[in-house]
Structure formats: C-alpha cells, structure tokens
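In: When you get a sec, could you give me coordinates for this:
(4 chains)
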Number of protein chains: 2
Amino acid sequence: MGTTTWEDPTVEATVATLEEAVRAGDTITVFAECEVEYDGRATGYLGPGERVILLKPDGTLLVHRPAGNDPVNWQPPGSTVTADVADGDPVITARRSAPDELVRVFLRDTYQLTTFAADDTAPLELDGTETDMHEYILEHPAAVDDGLRAIEHERDTPYGTIDVYGTDDAGRPVVIEVKRRQASLTHVDQLNRYMEQFRASNPDARGILVAPAASSRVRRSLRENDLEFVALDEFATNRGEVASTTFEDFQ
Amino acid sequence: MGTTTWEDPTVEATVATLEEAVRAGDTITVFAECEVEYDGRATGYLGPGERVILLKPDGTLLVHRPAGNDPVNWQPPGSTVTADVADGDPVITARRSAPDELVRVFLRDTYQLTTFAADDTAPLELDGTETDMHEYILEHPAAVDDGLRAIEHERDTPYGTIDVYGTDDAGRPVVIEVKRRQASLTHVDQLNRYMEQFRASNPDARGILVAPAASSRVRRSLRENDLEFVALDEFATNRGEVASTTFEDFQ
DNA sequence: ACCTCCATTTCGGGA
DNA sequence: TCCCGAAGTGGAGGT
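Out: Numbers count the residues shown, from 1 in each chain, chains lettered A, B, ... in the order given. Down below sits the predicted model:
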C-alpha cells in the first residue's frame, strides 16, 4: 500500500527500478526533463521539457506537461512498457498493436521516481448521464409529448440505434433522439438518418430531438427537415418533482 | 526545476504544503487513499481507494486510479484549487464556473506528496492529422478526382464548414469531406448536410467522402445518397512519393 | 474485430 | 462568449 521514492536516481537505478516496478504491477510516477517520440496513427515529437510521467499496471503511459487536462503524449491500457538505456539516458518504451503504436520517453534528467502498489476497487457512481434521461423519458413520456407512448428503448436499425421509439396519440411512429447537453448539428444529422427509413414506409413518422437547449441554427435545421425540438433540462431527471418542460413544435 | 517530496505528511503539513505549492505555481502529485465527490454537469461519488492526484498550475486537477487512460475524476484548466481540513482530513477543492462544477478530494491517508516547479515550453510537433490531408488534397487534387480543381479550403456555409470545395472537369461543384481514419455513418451525415443546400441550387453538385477506408454500410449509405467515396490513405500525406490511390465511384 | 455512439468529453479556431 | 468539428480521441456495448 505505501509508496517508495527515489530522488535523483542514477541511470542504472532508474532503469532497474522501473523494470522491477512494472513487473510488480506498481503505479509509477517519474518527474523528469524528457523528450518524447510517438509513431502510430500519427507521428509526433516533443522537445525537451519538464514533465510528470505516469505509468499504470494495466499498461497505461501518460506524459503530462504543467498545463492542460489531457496528456501531451500517451499510450492507452494494454501496451507493453519496458525500460532501458540509449545514448546513456534511461528510455521508457510503450508499445501496442491494433493500432500499431510506439511511444518512447527519453529521460534527460530524472528528478524523482515513485512506485506505488495502489489498491482501488471502488466503483464510480455517476448520475446525470444520457441514460438517466432515457429512463426519465420512458417513465414520463408526457414530458416530451402529450399523447406519447414510449414503446422501445435502444431500438436497433440498420443505420444505428434509436434512443426511444414510440407512438403518439394519433398512432404515428415517434423517433426520439436524446442529448444531455446543448443540441448540435450532428445530433440533427443523427435523427435525420434514423428518420430516412421510417419516413420511407410512413411519411407521417415524427422525429423529436430532446435536449436542454438548441442553437437557432439547430432549430432552423430541424424545421427544414420537419423535425421537432423539445427542451428538457437534463437535471429534471435527477429531481423528484415533475419536470417543467418547454414544448416547442415546428410542424 | 527540482522536486520536493514529503512522505506520510501530517494533516497540517499536507494542507500547508498544498496551499503553498498552488500559490507558487508548482505541479503537484499526491499519493493517497481518498474519496471523491463531483457535482456539476453530472454528479458523482467515488468511494475510498488508493489513487494518484495530479495538480497543475493552470488549475487542472486529475484523479488517476491504477487503471485506465482517463482520470476517474477531474477538473479541467481554469479551476480554482484550494486545500483545507474537514472532519480531521485534508480536502482538495477544485471549483470552476461555466459550467459550474465542483470536485472535492478527501484525503483519508496521504502516503506521499511531491511539488515540482516544472518548466516546459516545447511545442508538440504532430504529423498525420486531418489538416495534413487537406493540404495534400489541395496540392494534389487529382488524387481525389481527375479533373478536380480545388478552389476553397474550409468554406463556411450556414450548416457548417466544408473541408475542400472545388469544381470538376464538367464544371460541377464538388464538396469534399476528408477523414483521416475509417469513414463512419456520421461522416456521411456531415457530407449529406453540406450537400442539401448545394443540390437545392445545383442538382448536379457532387459530394465526395475521402478517407483511408469505408465499411460496406457506409458505402451503401453513400450510394443511396448519390455520394462518392475515394480511398486515400492518410499516410500518403506524409510521403514524398505520389500517393497510389484507389478510386471508387458510385454514380 | 468491427461498428456505433456516449463523454463531467477536451481542445482549438472562428465569428 | 457561443458554436462547430477534430482528436493519436477513449470507453462501452452489441454483433
């Protein structure tokens, strides 16, 4: 459970410690000035700079600069991590296949190295996802359309999966695409794609985009494609009270 | 440039060191058993487990478990990070607005804490991006279509930006959507959206999806929408030699 | 392995 | 600021 720390390790100590820690399944951080080479789906080179390198027992490699949410270079889980010496410096190599990718971190100056036999099995509990909105709509179809009967969840079609499928009070098929955040043009595209085949057999089929908000461009695009928009706040799904929805119909 | 490390710091030392390091603009790692609460666009709770916490001078907070490429909890750049004591334990708080979000990390057992005044200004050089393909096509339009004249790059329309716009040897408008990887249905959607208005004024307008490959479903969807596919390997953009492209026309 | 789609997506560019 | 689209997207779930 504890950590072991090496300050200013020698080249040999760095390589030996990394190899041993990888073999032991430790989580490792390295503080170092380094260069990074990447070759795979794209190709990259990162010149010398001071960074934090994070290695995980599942084969993940992350190189973090002092700014930014995302690592500047990385290798996802499943890659094989090795350490050796090249030109007198320690080098961390992370390889994976499918896609074939290679990341090499050249440690020019290693300030500190820590190994950590971390134990973490707690699941992340997350609410307010799109799935939560689906469930809300299935339980409260009137929040989307007054006469709506929600029939099917995650309905498969040759061109993708429809979030919610149902019928309205006039018996027309209703295809609903749900988004947990501001609707965008790509969401209109998605709904349009699903509608193509439904309207081929039933011109009266309705398509509704449900989202907390939509830009005017999105609304115009919906209108032009005879689709509807219903504003449903994502957080309505988390509250006990009935959602106060705004209904907007572009028929 | 160097790092400073504290092993098994007391609650007071942890909070004081974190506050001082944040003020100083250091990059910080904490190895600890912790719990995490998140409230913002969604809501989350992560039970006790051993993790690595990474804090950056730009306000980034990352909580990494011993598995996975992505952090289990995070706060992107721009958030305000503070440290204090609650119920006898150190708590790291990261707040931001737009969107309003709050992450709190409750340190139940702090094994190690490191501060690092990292200096890193090297730019990442990356090749093989979609932009590189755009440039290749603009310089070698014949790789896409024999009589193609590429006229405009990143052409703005009311429904999005067209990658490459041009005319063919018959003077027909050609809309080109470029993808650096296997084409998908969403890419067909995108091209369809751009084509709607062009075909409204010119029914002969052509739409071409350029990508290294496309599944049979994507090809069928293109056919059904009178669109074309041209297989252009992404790496053709990185090579000095002329690309050997496969031309496929679904007219 | 491929395909589709969500994500607390993040990030960058343009209006 | 909003909006749009790329990303070495990653990750999950289905076939």
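
In: if I look at A:G207, how far off is A:A214?
Out: 14 Å (CB to CB, to the nearest Å). From N, CA and C alone the C-beta is placed, and that goes for glycine too.

In: Kindly report the residues of the stretch 51-200 of chain A close to DNA strand C.
Out: A:68-70, A:97-98, A:124, A:126, A:128-131, A:159-161, A:163, A:177, A:179-181, A:190, A:193 (CB under 7 Å from any atom of the strand).

In: low-scoring stretches of chain A, by residue?
Out: Scanning chain A for pLDDT under 70 picks out the ranges A:1, A:234-251.

In: domain assignment for it?
Out: A:3-116, A:130-248 (automatic domain parsing).

In: Need those in CSV (columns: mean neighbour count).
Out: Shown next, in CSV, are the domains of chain A (neighbours: other CB atoms under 10 Å in any protein chain shown):
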stretch, mean neighbour count
domain A:3-116, 19
domain A:130-248, 17
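
In: picking up where we left off before, so which of the residues of the stretch 51-200 of chain A next to DNA strand C are also by chain B?
Out: For chain B, the contacts drawn from those by CB under 8 Å from any CB of the partner chain are A:68-69, A:124, A:126, A:128-129, A:159-160, A:180-181, A:190, A:193.

In: Alongside DNA strand D, which residues does the stretch 101-250 of chain A contribute?
Out: Residues of the stretch 101-250 of chain A lying near DNA strand D (CB under 7 Å from any atom of the strand): A:101, A:103, A:156, A:182, A:184-186, A:215-218.

In: how about the residues you listed, which pair is most distant?
Out: Within those, A:V103 and A:S216 form the most distant pair, 43.7 Å apart (CB to CB).

In: pretty sure A:L18 is in a strand, no?
Out: No - with DSSP: H, G, I helix; E, B strand; the rest coil as the criterion, A:L18 is assigned helix and is not in a strand.

In: That one contacts A:V91, doesn't it?
Out: No - using CB atoms under 8 Å, A:L18 is not in contact with A:V91; the gap is 9.9 Å.

In: Next, show the common contact partners of these two.
Out: A:A83 (CB atoms under 8 Å, 6 or more residues apart in numbering or on different chains).

In: how about the helices in the stretch 101-250 of chain A?
Out: A:130-139, A:185-201, A:216-224 (DSSP state H, counting those that start in this stretch).

In: export the domains of chain A to a markdown table and tack on distance to B:L62?
Out: Putting the domains of chain A into a markdown table (distance: least, CB to CB, whole Å) gives the following:
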| stretch | distance to B:L62 |
| --- | --- |
| domain A:3-116 | 7 |
| domain A:130-248 | 22 |
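
In: Now chain A against DNA strand C: closest residue?
Out: Per CB to the nearest atom of the strand, A:G160 is where chain A lies closest to DNA strand C, at 2.1 Å.

In: was I right about that residue contacting A:L191?
Out: No - the pair A:G160 / A:L191 is not scored as a contact, 10.0 Å apart, by CB under 8 Å.

In: Columns distance to B:Q197 on top of the helices of the stretch 101-250 of chain A, output as JSON lines?
Out: Shown next, in JSON lines, are the helices of the stretch 101-250 of chain A (distance: least, CB to CB, whole Å):
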{"stretch": "helix A:130-139", "distance to B:Q197": "30"}
{"stretch": "helix A:185-201", "distance to B:Q197": "13"}
{"stretch": "helix A:216-224", "distance to B:Q197": "10"}
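
In: check contacts around A:N192.
Out: A:207, A:225, A:227, B:189, B:192.

In: Leaving out sequence neighbours, find the closest residue to the third one.
Out: Spelled out, it's A:L227. What sits nearest to A:L227 in space, not counting adjacent residues and going by CB to CB, 6 or more residues apart in numbering or on different chains, is A:G207, at 4.4 Å.

In: From A:R223, how far out is that neighbour?
Out: 12 Å.

In: Over to A:L55?
Out: Distance from A:L55 to A:R223, by CB to CB: 52 Å.

In: next one: A:A211
Out: From A:A211 to A:R223 the distance is 15 Å (CB to CB).

In: from the stretch 151-251 of chain A, which residue is nearest to chain B?
Out: Taking CB to the nearest CB as the measure, the stretch 151-251 of chain A has A:D189 as its residue closest to chain B, at 3.5 Å.

In: ok, the closest residue in space to that residue that isn't next to it in sequence - contacts?
Out: Spatial nearest neighbour of A:D189, excluding adjacent residues (CB to CB, 6+ apart): B:D189 at 3.5 Å. Contacts for B:D189 (CB under 8 Å, 6+ apart) come out as A:186, A:189-190, A:192-193.

In: A:W6 too?
Out: Residues near A:W6 by CB under 8 Å, 6+ apart: A:13-14, A:17, A:112-114.

In: Can you tell me how far A:D58 is from A:R206?
Out: 46 Å.

In: Name the single longest strand found in chain A.
Out: strand A:101-116 (DSSP state E).

In: partners of that strand, with directions?
Out: Partner strands and pairing direction for strand A:101-116 (DSSP bridges) are strand A:3-7 (antiparallel), strand A:27-39 (antiparallel), strand A:89-96 (antiparallel).

In: so the residue of chain A closest to DNA strand C bridges to which residues?
Out: Beta-bridge partners, per DSSP bridges, of A:G160: A:T157.

In: Now do the contacts for it.
Out: A:190, A:193-194, B:185.

In: Show me which pair in the residues you listed is furthest apart.
Out: Across the contacts of A:G160 (CB to CB), the longest gap, 10.5 Å, separates A:Y194 and B:L185.

In: which neighbours do the two share?
Out: The contact sets of A:Y194 and B:L185 overlap at A:159-160 (CB under 8 Å, 6+ apart).
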